[in-house]
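Asker: curious how this folds, go ahead:
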Amino acid sequence: MSLIERHWYRPRGWLTALLAPLEGLFALLAAGRRLAFRRGWKSSETLPVPVVVIGNINVGGVGKTPLTLALLADFAARGVKAGVISRGYGGSAAGPTEALPGGDPARVGDEPLLLAASGAPVVVGRDRVAAGRLLLERHPDVQLILSDDGLQHYRLARDLEIAVLDGRRGVGNGRLLPNGPLREPLARLRTVNAAVVNGSGADLALPPGLARFDMTLRAGACHALGDAARLRQADGFAGLKVVALAGIGHPERFFDTLAGLGIAVERRLSFPDHHAFCAADIPADADAVIVTSKDAVKLERVLHDAAQRARLWVLPVQATLAPGLCDWILARLKMEHGR
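Answerer: Take a look at the predicted model:
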């Protein structure tokens, strides 16, 4: 973690003053962009089906991907066909591109491939409107679109906005980039329809009347890279030299999960979010290397040595929500199950 990132959660007075001018410039640009859409100087475009934006006002991993996966499963169970549009961070595709299971993360990004593995149609693109149109063109049976991390993409009109917050880290010092972790001011939470709080620990003062849903992430048994049927429980790592490896927005949550499972990790390796892994990133002296599902999507394509692959284990997590967010969304959109 860099000095500036540490400052976001443990403020340093001298750094606050130093970064204040840049924070002011960022605030001015962000406010100007919001004002342009609010005043009609720039227009939002509406898609033919309801759009639910799942985003965050702060940078870093907050759990949007497991939340989206949980919603996709819940919608499918209720007979509602949902699709996903995403920016596709880390991918090189310039125009809207469909992310297919087993595709190339270098082209469409890692998270979209993880979402596509659920069986839901996923399209990535910098232009969320164009991505949504391609999704509906290729999958005309889609009844609802989830926009992954599109809270600040105002050109796409939306029916509902859901902000995801880290219940452990909260919003840090409450300041805007680069002086704090926020993309938009805290007042933005007064305009969203619901907040999903991932975990607990921080004192989050949400706006009065804002619908709140608490999310917990439950870890499953580790499975071998590329073979979900080959499982290993936590006690199966006892006596081994275990390395935990993560290239996600908030790797500490992953490391803490392993500790909570009782897996003794000798070394923790953190890489930047959306890191393009190569075989050299895997420590040769480890008996077992445990990674996230998101990182596994990329590692499957770059690890070809059988012995090296055999040492890789994936820790899956599943989100649970209280109360049920899926039914709340359908009620707000006035959508009937299976219709």
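Asker: can you name the next helix or strand after the lengthiest helix in the chain?
Answerer: Criterion DSSP state H: the longest helix present in the chain is helix 13-38. Per DSSP states H and E, helix 13-38 leads on to strand 51-55 as the next helix or strand towards the C-terminus.
Asker: quick one: low-confidence ranges for the stretch 1-150 of the chain?
Answerer: Counting by pLDDT under 70, the ranges of the stretch 1-150 of the chain that qualify are 1.
Asker: quick one, what contacts residue 256?
Answerer: Residues near residue 256 by CB atoms under 8 Å, 6 or more residues apart in numbering: none. Placement of C-beta: from N, CA and C, glycine included.
Asker: mind checking pLDDT for it?
Answerer: Note on residue 256: pLDDT of 95.
Asker: state the distance from it to residue 301.
Answerer: According to CB to CB, to the nearest Å, residue 256 stands 28 Å off from residue 301.
Asker: do residue 42 as well
Answerer: For residue 42, the distance to residue 301 equals 39 Å [CB to CB].
Asker: what does residue 134 give?
Answerer: When distance is defined by CB to CB, residue 134 is 24 Å away from residue 301.
Asker: what do you get for residue 49?
Answerer: Plainly put, residue 49 is 32 Å away from residue 301 if you go by CB to CB.
Asker: ok so, going back, by contact count, what packs against the longest helix of the chain?
Answerer: helix 3-9 (3 or more CB pairs under 8 Å, 6 or more residues apart in numbering; DSSP states H and E).
Asker: list the buried residues of the helix it packs on.
Answerer: Residues 7-8 are the ones in helix 3-9 that count as buried (16 or more other CB atoms under 10 Å).
Asker: picking up where we left off before, buried stuff in the longest helix of the chain?
Answerer: For helix 13-38, the buried set under the neighbour-count rule, 16+ other CB under 10 Å, comprises 15, 19, 23, 26-27, 30, 34.
Asker: got these as JSON lines, with distance to residue 76 columns?
Answerer: Listed next are the buried residues of helix 13-38 as JSON lines, based on distance: CB to CB, whole Å:
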{"residue": "15", "distance to residue 76": "47"}
{"residue": "19", "distance to residue 76": "45"}
{"residue": "23", "distance to residue 76": "42"}
{"residue": "26", "distance to residue 76": "39"}
{"residue": "27", "distance to residue 76": "41"}
{"residue": "30", "distance to residue 76": "36"}
{"residue": "34", "distance to residue 76": "34"}
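Asker: ok so, going back, which of residue 134 and residue 301 has more neighbours?
Answerer: More neighbours surround residue 134 than the other of residue 134 and residue 301, with 20 against 14 (other CB atoms under 10 Å).
Asker: and the more buried one, what does it touch?
Answerer: For residue 134, the contact set (CB under 8 Å, 6+ apart) comprises 96, 98, 123, 125.
Asker: kindly indicate which of those residues lies nearest residue 117.
Answerer: Ranked by distance to residue 117 (CB to CB), the contacts of residue 134 are led by residue 98 at 13.7 Å.
Asker: mind checking the SS state of the closest one?
Answerer: strand (DSSP: H, G, I helix; E, B strand; the rest coil).
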